[in-house]
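Novice: give the three-dimensional model of this entry:
(2 chains)
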Amino acid sequence: NAGVTQTPKFQVLKTGQSMTLQCAQDMNHNSMYWYRQDPGMGLRLIYYSASEGTTDKGEVPNGYNVSRLNKREFSLRLESAAPSQTSVYFCASMQVWSSGANVLTFGAGSRLTVL
Amino acid sequence: AQTVTQSQPEMSVQEAETVTLSCTYDTSESDYYLFWYKQPPSRQMILVIRQEAYKQQNATENRFSVNFQKAAKSFSLKISDSQLGDAAMYFCAYRTFGNEKLTFGTGTRLTIIP
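Specialist: Model (predicted):
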């Protein structure tokens, strides 16, 4: 089972360039997430999608856009990259039931450097 | 807003010894879930253990156990018989019942001394 697959794993951009991080899950999960990880900051939620066709802002949404293309795929776009967006990005998914300690399943991460 | 605090940026332990990582959280909710995730150098996030707030019994997974103190809003992770493969960043996380969003602490880097 592939789980959560995100691409690319590494990317270097120049300030002002745009790019899209792709994420796909094969577990039929309803909810999908994008987090960024920075030293000393832990993981911070950028955007999430509770179901196909819906998206909501997380803690640090500025400078990002997302698209829930279908149940499997959730992309993160940087329209005009800035050095402050240099980070490691994680996609995750989860099946949220009405009860139970449902668990996030993470992708392997994408390291983005903006020069 | 809920917050999760890990006050120990770094910890170290001798191989085969026991270490406890601290986590506190702030919430006004009564139903919620707590998690510990491990991130080894490979960068992959791996679930270590989880706890439902309504359960009084502390969760245990092999060498990993938690000390859940609901009134104190504390959720510490104990690793027994530490092994070299336990070296990683450990993140505490919180989620409210019925809420899709998981809030993470800033992490504790655990070093295992051979």
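Novice: show me where pLDDT drops low in chain B?
Specialist: B:1 (pLDDT under 70).
Novice: which bits of it sit near chain A?
Specialist: Residues of chain B lying close to chain A (CB under 8 Å from any CB of the partner chain) are B:4, B:6, B:9, B:33, B:35, B:42-45, B:47, B:50-52, B:91, B:97-98, B:100-107. Where you see a C-beta, it was placed from the backbone N, CA and C, and this is true even at glycine.
Novice: could you rerun that using 7 Å?
Specialist: B:33, B:43-45, B:47, B:50, B:52, B:91, B:100-102, B:104-107 (CB under 7 Å from any CB of the partner chain).
Novice: which of the residues you listed fall within strands?
Specialist: B:33, B:47, B:50, B:52, B:91, B:104 (DSSP state E).
Novice: contacting residues for the last one?
Specialist: The neighbourhood of B:Phe104, defined by CB atoms under 7 Å, 6 or more residues apart in numbering or on different chains, consists of A:42-43, B:4, B:91, B:93.
Novice: just to revisit the earlier point, now that we have the ones in strands among the residues of chain B next to chain A, which one has the most neighbours?
Specialist: Among those, B:Phe91 has the most neighbours (other CB atoms under 10 Å in any protein chain shown), with 25 neighbours.
Novice: got the contact list for it?
Specialist: A:42-43, B:37, B:39, B:104-105, B:107.
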